[in-house]
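In: sequence first, then the predicted structure, then my questions.
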Amino acid sequence: MLTLSAATMGETGEFAFLSELLPKLAGGRGVLVGPGDDCAVVAVGTRRLLLTTDALVERVHFERRWMTPHQLGRRAYLVNASDIAAMGGRPRFCLLSAGVPASLPARELMQIERGVAAAAQETGAALVGGNLTRAARLFLSVTLIGDAPRRPARRDGARPGDFLFVTGALGEAALGLRRLRRDARATDPAARRFREPLPRLTAGALLVERRIASAMIDVSDGLLGDLAHVCAASGVGAEVSSSAVPRPPGVDAFDPALAFEGGDDYELLFTVRPRQLALLDRLRSKLGCAVTRIGRITPRATGVRVVDRDGRAHPVSARGHDHFGGPRRSPSRSRR
Ligand SMILES: [Mg+2]
C-alpha cells in the first residue's frame, strides 16, 4: 500500500500515483468517460466531445537543438491529435499553454505558435487561445477538443478471442530519438519520424465508425506498456507474436526491443472481434496506413506474453514509460 503523503513522486511513479488518484475522481454531469482513457468523453447539449491534453517539456521530452521551433509546435499538437485518433474522433479546437524562458527569442516562440496552428489546420482544427507564462524551461501544453463518434473506442472493450492489430510499424521513433541524442541534426527517416508524429486520424475514425475496433489505444509509451493498459482496463491478457510485430529494417538492425518497448510511435493498437475480420480486410485500402495482426487477446490469467515463432514465451515487463521512473510491476527485464 502506498503512503502518498510521505513518498516523493520519484519513489511513487506515474502509474502507481494515477491508480490511486483516478478512483477518487467522481464523474460529473455530462461525463460519459472520465479520466483513464486516451480522451475524456463529455456530453454538451446534444453534442459529444472528446477532451485531451498533453505537454512537452524541454529536457524531459525534447532538446531544442533536435528540431526547429516550427517542428516543435507541430509535434506538441500532433501528439494530442493521436489521442483523438485513438477514440475514433476528429480534432476541432485547441489551446496552447506555453511556459517560456525569458531568453527565448520572440521569433522562435512565434514559429512554435505557428507550428501548432499549422498542424491544427491540417487536421481540421483551429488554435483558439492559450496562455503564455515565464518558466525556467520551455514547456508546451496543448489541450485539444474533438468531435466524438457515436461510440468512441475505449481501452476496456477487449475480450478473450479478439485479434490484436497495430497500424504502421513500431520502434522507428525510439530509434530516431537515440540518433538525435548522438546527432541533433540527423535527417534519416527515424529522426524525421521522431520529429513529426503521424496521428492515424483516418484509420481511427473508420475503425470506430464501422465498429471494427473493440478496444483501441495509441502507442505513445511503447507497445508492451500500452498493451498492458488495454489489458488492465479490459480485464484480459494478450499473446503477441514477436515475429509479427512490424518494424522498419533499421530498428531490427539496431535493437529489435525498440519495437516492443520504444515510445513515441503514435500508431494505433486495437482489438477486433473475429466476426469483424472480414470487414477490416475489405476496408484496408481506406485506412491510409498498413494494419498488421500481431496477436490475440487471452483470458486475464495468462497475462501479457510475447511468443516467438516456435511458441516459446519471452518474459516481458508490463510496464509502460513512467515519467517518474516508478517501480517496475514485474521483476523480469523486458525482452522482445
Ligand atoms: Mg494515448
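Out: Alright, I've got the coordinates.

In: could I get the full set of strands for the stretch 201-336 of the chain?
Out: 213-219, 236-241, 267-272, 291-299, 304-307, 313-314 (DSSP state E, counting those that start in this stretch).

In: mean pLDDT, distance to the ion and mean neighbour count added to those, as a markdown table?
Out: For glycine as for every other residue, the C-beta is placed from the backbone atoms N, C-alpha and C. Compiled in a markdown table, those are given as follows (pLDDT from 0 to 100; distance: least, C-beta to the ion, whole Å; neighbours: other C-beta atoms under 10 Å):
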| stretch | mean pLDDT | distance to the ion | mean neighbour count |
| --- | --- | --- | --- |
| strand 213-219 | 98 | 4 | 26 |
| strand 236-241 | 97 | 17 | 21 |
| strand 267-272 | 98 | 10 | 28 |
| strand 291-299 | 98 | 18 | 19 |
| strand 304-307 | 93 | 18 | 20 |
| strand 313-314 | 78 | 25 | 14 |
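
In: so can I have TSV of these showing distance to residue 124?
Out: Supplementary listing: these in TSV, determined by distance: least, C-beta to C-beta, whole Å:
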stretch	distance to residue 124
strand 213-219	18
strand 236-241	33
strand 267-272	18
strand 291-299	22
strand 304-307	35
strand 313-314	41
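
In: out of those strands, which gets nearest to residue 33?
Out: With distances scored as C-beta to C-beta, the stretch of these nearest to residue 33 is strand 213-219 (12.7 Å).

In: quick one: distance of the closest one to the chain centre.
Out: In terms of C-alpha atoms, centre = their mean, to the nearest Å, the centre of strand 213-219 is found 10 Å from the chain centre.

In: tilt between it and strand 236-241?
Out: Following axes from the mean of the first three to the mean of the last three C-alpha atoms, to 10 degrees, one obtains 70 degrees for the angle between strand 213-219 and strand 236-241.

In: which elements pack onto strand 213-219?
Out: helix 69-87, helix 201-209, helix 223-234, strand 267-272 (3 or more C-beta pairs under 8 Å, 6 or more residues apart in numbering; DSSP states H and E).

In: pull the longest one out as CSV, backbone CA atoms only.
Out: As requested, C-alpha coordinates have been extracted for helix 69-87 and formatted as CSV (Å, rounded to 0.1, in the frame of the first residue of the first chain):
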residue,chain,number,x,y,z
PRO,A,69,10.7,25.7,-33.4
HIS,A,70,8.0,25.2,-36.1
GLN,A,71,8.5,21.4,-35.9
LEU,A,72,8.3,21.5,-32.1
GLY,A,73,5.0,23.3,-32.3
ARG,A,74,3.7,20.8,-34.7
ARG,A,75,4.8,17.9,-32.5
ALA,A,76,3.1,19.4,-29.4
TYR,A,77,-0.1,19.5,-31.4
LEU,A,78,0.2,16.1,-33.2
VAL,A,79,0.8,14.0,-30.0
ASN,A,80,-2.6,15.3,-28.8
ALA,A,81,-4.3,14.6,-32.1
SER,A,82,-3.1,11.0,-31.7
ASP,A,83,-5.2,10.7,-28.6
ILE,A,84,-8.2,11.9,-30.5
ALA,A,85,-7.5,9.3,-33.2
ALA,A,86,-7.4,6.6,-30.5
MET,A,87,-11.0,7.3,-29.7
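
In: buried residues in it, which are they?
Out: Residues of helix 69-87 classed as buried under the neighbour-count rule (16 or more other C-beta atoms under 10 Å) are 69-87.

In: ok, and which of those residues reach the ion?
Out: The overlap between the buried residues of helix 69-87 and the neighbours of the ion (C-beta under 5 Å from the ion) comes to residue 83.

In: helices of the stretch 51-200 of the chain, start to end?
Out: Per DSSP state H, counting those that start in this stretch, the stretch 51-200 of the chain has helices spanning 69-87, 106-122, 172-182, 189-195. These are given in chain order.

In: can you give the contact residues for the last one?
Out: By C-beta atoms under 8 Å, 6 or more residues apart in numbering, the residues outside helix 189-195 that reach it are 66-67, 71, 75, 172-173, 175-177, 179-180, 183, 248, 250-251, 264-265.

In: tell me which residues of stretch 273-282 are tucked away?
Out: Residues 273, 276, 280 are the ones in stretch 273-282 that count as buried (16+ other C-beta under 10 Å).

In: perfect, I'm done here.
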